[in-house]
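Colleague: structure for this input, please:
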Amino acid sequence: MGIKRYNDLRVWQCGMTLTESVYKASTRFPRSELFGLRAQIQRSAISIPSNIAEGHARGTTREFLRFLSVALGSTAELETQLQLANRLGYLAQSELEELQGQTAEVGRMLQGLRASLHRRLRRPTEQQGLLSLAPSP
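Modeller: Alright, predicted model coming up:
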């Protein structure tokens with residue numbers, strides 16, 4: 001892969017910033033949510049940059065794509081949990097909007113990276129298919 005370290009990826013960096021923001025916001029949740037919604041939101045958030053890092057470390061484009069899909073799923077999970085936190089009164093509307101904006105941006109970046117990697121995978125396959133059609137000497 002062109003990028004040697006996962007922490008050079010902008011999407012990983014934004015995922016880490018999102019995770020920090022989520023941790024800071026969720027510390028104000030009621031104590032009764034310490035092992036409930038608070039913990040779940042934190043796990044969803046940290047899952048995003050963690051899966052980006054793990055997928056990159058696997059060393060193959062297919063594996064990376066699989067982990068990026070998991071990270072993308074975690075963004076949807078996080079969005080749902082943030083909305084619930086707002087409905088329960090644990091997050092102000094302004095906090096929800098800020099966190100949703102960050103989550104949406106990370107999601108767009110993940111989708112863009114996935115699309116780019118899918119194109120990279122298709123390119124060699126098409127070329128190999130064309131080469132196999134060439135007459136043998």
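Colleague: check which helix or strand covers L84.
Modeller: For L84, the host element (DSSP states H and E) is helix 61-87.
Colleague: after that helix comes which helix or strand?
Modeller: Past helix 61-87, the next helix or strand by DSSP H and E is helix 93-133.
Colleague: so that next one versus helix 61-87, what angle?
Modeller: Helix 93-133 and helix 61-87 are oriented at 160 degrees to each other (axes from the mean of the first three to the mean of the last three C-alpha atoms, to 10 degrees).
Colleague: and helix 93-133, what other elements does it pack with?
Modeller: helix 10-26, helix 37-57, helix 61-87 (3 or more C-beta pairs under 8 Å, 6 or more residues apart in numbering; DSSP states H and E). Bear in mind the C-beta positions are built from the backbone N, C-alpha and C, glycine included.
Colleague: quick one: mean pLDDT over that helix.
Modeller: Helix 93-133 shows a mean pLDDT of 81.
Colleague: ok, A57 to L96 distance?
Modeller: A57 sits at a distance of 33 Å from L96 (criterion: C-beta to C-beta, to the nearest Å).
Colleague: between these two, tell me which one has more neighbours.
Modeller: For the pair A57 and L96, the greater number of neighbours falls to L96 (18 against 12), based on other C-beta atoms under 10 Å.
Colleague: now do the contacts for that one.
Modeller: L82, Q83, A85, N86 (C-beta atoms under 8 Å, 6 or more residues apart in numbering).
Colleague: please repeat the previous calculation with a cut-off of 6 Å.
Modeller: L82, N86 (C-beta atoms under 6 Å, 6 or more residues apart in numbering).
Colleague: any idea how far L96 is from T80?
Modeller: 12 Å.
Colleague: actually R66, not the one I typed
Modeller: R66 is 30 Å from L96, by C-beta to C-beta.
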